[in-house]
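1. Sequence first, then the predicted structure:
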Amino acid sequence: MPPEASAIRSILVRRILHTLQADYRLRLSCRVQEFLAAYSTLLNRHFPLETLQSSAFKKREWHDLQLICNTPQHYPSRRRGNISCLQRIFSCRREAGHRVLRICGFTIHLPR
């Protein structure tokens, strides 16, 4: 496969990965495994990892893609980590010059 074709395939898969991650966040937990298995099948059938350029992806994206293709059942536990239900609803963090408060999906920027 010419290098240009591999680069184009990699860019396309990167966009697919971003769509997958956005869709994944909206899924109910009971359907997540079915959803990931379908994406894994699609990627492995049409875009095998060996046909892609890892340099076209950010380090975390490439790792996530490998995880989804090779062991999709481990992806949810890796992505959600130890975040509690409360942290998904409410969080507060510091950024340069202000604090960011998240409540039920709404983001509020507060001065220090």
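-> That came through, no problem.
2. biggest helix in this structure, by residue count?
-> Ranked by residue count under DSSP state H, the longest helix found in the chain is helix 3-26.
3. what pLDDT, on average, does that one get?
-> For helix 3-26, the mean per-residue pLDDT is 80.
4. Which other helices and strands does it contact?
-> Identification of packing neighbours for helix 3-26 by 3 or more C-beta pairs under 8 Å, 6 or more residues apart in numbering; DSSP states H and E yields helix 32-46, helix 59-70. Where you see a C-beta, it was placed from the backbone N, CA and C, and this is true even at glycine.
5. can you put the ones you listed in CSV and add distance to Gln53?
-> Conversion of the helices and strands packed on helix 3-26 to CSV gives the following (distance: least, C-beta to C-beta, whole Å):
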stretch, distance to Gln53
helix 32-46, 15
helix 59-70, 10
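6. among the ones you listed, which gets the worst mean confidence?
-> For the helices and strands packed on helix 3-26, mean pLDDT drops lowest on helix 32-46, to a mean of 86.
7. which residues are in contact with that helix?
-> Contact with helix 32-46 is made by 13, 16, 20, 23-24, 27, 65, 68-69, 72-73, 75-76, as judged by C-beta atoms under 8 Å, 6 or more residues apart in numbering.
8. List just the nearest of these to Ile108.
-> Closest approach to Ile108 among the contacts of helix 32-46 (C-beta to C-beta): Tyr24, at 25.5 Å.
9. Could you report the neighbour count for that closest one?
-> Tyr24 is flanked by 18 other residues according to other C-beta atoms under 10 Å.
10. Pull out the buried positions in the longest helix of the chain.
-> Buried residues in helix 3-26, counted by 16 or more other C-beta atoms under 10 Å: 9-10, 13-14, 16-17, 20, 24.
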